[in-house]
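> have a look at this prediction, sequence included:
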Amino acid sequence: MRGLTGFVVRRLLLGLVTLLVASVVIFATTQALPGDAARSILGRSATPESLAELRRQLGLDKSVVAQYREWITGFVTGDLGMSLANRLPVTEVMGERLLYSVFLMLIAAVISIPFGIALGAVSARRRDGPFDQVTSILTLGFAALPEFVVGISLAVLFSTTVWNVLPSVIVTEPGVGPWHYPKELILPITTLVIAVVPYTARIMRASTVEILESDFVEMARLKGLSESRVLWRHAVPNALAPSFQVAAINLAYLAGGIVVVEAVFNYPGIGLLLVDSVRVRDMPVVQAVALLIAALYVGLNLLADVATILVSPRLRTSLE
Amino acid sequence: MSQAVVDTAEVGRGATRSRPWRILFAAAWGQHRTKVGVAITLALVLIALIGPFVTPYPPDQGVENQLPFAKPSADAWLGTDTIGRDVLSRFLAGGLSVLILAGLSTAIGVSLGVAVGLVAAYSRGKLDDLLMRGMDVILSFPQIVFALVLAATVGPALWLLVLAVALTTTPRAARVARGAAVEIVERDFVRAAEAIGLPRRRILFSEVLPNITSPLVVETTLRLTFNIAVVAGLSFLGFGLQPPAADWGLMINENKNGLTIQPWPVVMPIIAIGLLTIGTSLIGDGLNRAAIGIERGRRGSE
């Protein structure tokens, strides 16, 4: 297959194969555990009969390959097994938390993507001027800071020592959506935005600078168009291809960023669930959350590649 | 900006015999941000190295007559932590582990990545595909998630933390090494080395590697910045050093709940880790700008 469809199909297949191998890696981590899940549930004092019974229930008496096949088909069909910590189905443990995480990610993305793009575009236009210099230093510094440093600094500033105006932990009730806690959401969202905007802005600036130096922008200038018209009508639409990519990479970054940020603010999403499950070594939950984040991550990166091809005519024609 | 480009180009021409990384460091040093970055990083490295020897109290024992979360006083300048230990002592003793763990995992990860990238670029074909797609598998997890999955398997252990962070560094370094080496392996001197029958290992490490040091130095600094964040983050989550060890990440974890009463045991490590990452990223940016300048100068003179 050639052309655009061929490219998309090839990328999709490659992403699926990568994910499949990643799932084997995740699954292999349980096999590396000393002892098995049945013993870790029932403890040392369990009788051989009850161990054998639970092993049969959990499917541990089958071969490793059969166990993997069951786990992965379960993942695709929405059956993720049982949590070892509280003996509930993993889907039930994850259910509401997934909603909380996705909500957090989306709000952070909706704020940070346009902000980052605007900041990058303006910096590129005032290249090497004071605005650009200050932005460059600020984005460099903030891009370097770990999320937990930003998060805890915000908590120190706004919810404890300096000004005690915002809550730094969220106490939720079951069955209540994350949108019922607008005040509690401010600090986690701000942390994620601060972590992500510098990255977006820097990539956007780089690609806009390249475009502002190109021939068609020179042509638009020579036609006598105003500088802002040149920027917004001619340069920015062409810089959108990389910023689509940035947006998707951004979301992928958020998929990892929520892990630490949720732990900082005790926000009940899948990131905090992952951390808590690693602590008690609840492997079915760890595996499910890790594979889910990996799938999200790979999917978003794939989207970035395809979006870049779709919106940039030069790349599109080179494939045909 | 244009001035810097001219300068680096002259350095490149005038000193063709000196090693490429020397030219790179000289050009990077010409920028303010590099100097500021080096100053910040050096200050924190000194605190981390000398700190453990100058603690006013033993960092893992309580201070006499001091309650937990005591405010700063003449006896304990920064107050005490969650179980009454001296905050200043724990801060001074707690930087070394972050530096060692981040440095070690970066060194191992980048070395592995360079080896993979060089072999991939040189062999091309199936082996190249296999190696780089294998790297993609590690890249399909965010760094911290990959490390957490490994931590879940074995439990918190330092060798595991280093291994996990090193493994997440490898594919990123491998991509850069491969990207830079792909052009070099086509050059005549590599063909000449092949013709006189040099073994493949010699060709890769004595002929190709010296020609890709600039992008590798830049990438290593970048990876170090990220790895400091990941290592300190894992400690903060409780998967790094275990109590009663003194460690900046662990200090934050232990004292987070007392933030309202006694902020210092959290604020000090936060400032230190933040400054350290800013310092290394300023150095990285200075090196990157210098590398771009040298590359432009070289293109211009050809």
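Arrived safely. Numbers count the residues shown, from 1 in each chain, chains lettered A, B, ... in the order given.
> mind checking pLDDT for the residue of chain B found nearest chain A?
Ranked by C-beta to the nearest C-beta, the top residue of chain B for proximity to chain A is B:Pro142, at 2.4 Å. Using the backbone N, CA and C atoms, a C-beta is placed for each residue, glycine as well. The model reports B:Pro142 with a pLDDT of 87.
> helix, strand, or coil at the closest residue to chain B within the stretch 201-320 of chain A?
In the stretch 201-320 of chain A, the residue that lies nearest chain B is A:Gly256 (2.4 Å; C-beta to the nearest C-beta). The assignment at A:Gly256 comes out as helix when based on DSSP: H, G, I helix; E, B strand; the rest coil.
> that one touches A:Ile293, doesn't it?
Yes. A:Gly256 is within contact range of A:Ile293, at 7.2 Å (criterion: C-beta atoms under 8 Å).
> which strands and helices sit next to the longest helix anywhere in chain B?
Scanning chain B for the longest helix, with DSSP state H as the assignment, gives helix B:264-301. Judged by 3 or more C-beta pairs under 8 Å, 6 or more residues apart in numbering or on different chains; DSSP states H and E, the packing partners of helix B:264-301 are helix A:130-144, helix A:147-159, helix B:2-14, helix B:20-29, helix B:32-50, helix B:87-93, helix B:213-237, helix B:248-255.
> show me the one of the ones you listed that comes nearest A:Leu19.
Minimum separation from A:Leu19 across these (C-beta to C-beta) falls at helix B:213-237, 22.6 Å.
> off-centre distance for that closest one?
3 Å (C-alpha atoms, centre = their mean, to the nearest Å).
> any idea of the angle it forms with helix A:147-159?
50 degrees (axes from the mean of the first three to the mean of the last three C-alpha atoms, to 10 degrees).
> hmm, helix B:213-237 in reach of chain A?
Yes. Under the criterion of C-beta under 8 Å from any C-beta of the partner chain, chain A is reached by helix B:213-237 at B:Thr225, B:Ile228, B:Ala229, B:Val230, B:Ala232, B:Gly233, B:Phe236, B:Leu237.
> any idea how far A:Ala235 is from the closest residue to A:Arg229 other than its chain neighbours?
Closest residue in space to A:Arg229, ignoring its immediate chain neighbours: A:Ala220 at 7.8 Å, by C-beta to C-beta, 6 or more residues apart in numbering or on different chains. Separation of A:Ala220 from A:Ala235 (C-beta to C-beta, to the nearest Å): 8 Å.
> contacts only, for residue 86.
No chain in the question, so chain A it is. A:Val93 (C-beta atoms under 8 Å, 6 or more residues apart in numbering or on different chains).
> my bad, the chain I had in mind was chain B
B:Thr55, B:Pro56, B:Tyr57, B:Pro59, B:Val63, B:Gln66, B:Ala76, B:Leu78, B:Thr80.
> just the buried residues out of those, in PyMOL syntax.
The following PyMOL line selects those of the contacts of B:Asp86 that are buried, judged by 16 or more other C-beta atoms under 10 Å in any protein chain shown:
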select buried, chain B and resi 55+57+59+63+66+76+78+80
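> need the max-distance pair from the contacts of B:Asp86.
Pairwise distances across the contacts of B:Asp86 (C-beta to C-beta) peak at 14.9 Å, for the pair B:Thr55 and B:Gln66.
> pLDDT score for A:Ser40?
Note on A:Ser40: pLDDT of 65.
> let me redo that: A:Leu310
A:Leu310 is assigned 67 on the pLDDT scale.
> skipping adjacent residues, who's closest to the spatially most central residue of chain B in space?
The residue lying closest to the centre of chain B (C-alpha atoms, centre = their mean) is B:Leu224, at 1.2 Å. Leaving aside its sequence neighbours, B:Leu224 sits nearest to B:Thr106 (C-beta to C-beta, 6+ apart; 4.7 Å).
> I figured that neighbour hits B:Arg223, correct?
Yes. Using C-beta under 8 Å, B:Thr106 is in contact with B:Arg223, at 5.2 Å.
> how far away is the spatially most central residue of chain A from B:Ala76?
The centroid of chain A falls nearest to A:Ala255 when counting by C-alpha atoms, centre = their mean (1.6 Å). Counting by C-beta to C-beta, the gap from A:Ala255 to B:Ala76 is 42 Å.
> one more: A:Ala85?
For A:Ala85, the distance to B:Ala76 (C-beta to C-beta) stands at 39 Å.
> same check, this time on A:Glu262
A:Glu262 sits 33 Å away from B:Ala76, going by C-beta to C-beta.
> B:Val230 now?
On the measure of C-beta to C-beta, B:Val230 and B:Ala76 end up 31 Å apart.
> then B:Leu276?
B:Leu276 is 24 Å from B:Ala76, by C-beta to C-beta.
> could you do A:Val298 as well?
For A:Val298, the distance to B:Ala76 - C-beta to C-beta - is 50 Å.
> of the residues of helix B:213-237 next to chain A - the most surrounded one?
Of all these, B:Ala232 has the most neighbours under the rule other C-beta atoms under 10 Å in any protein chain shown, reaching 30 neighbours.
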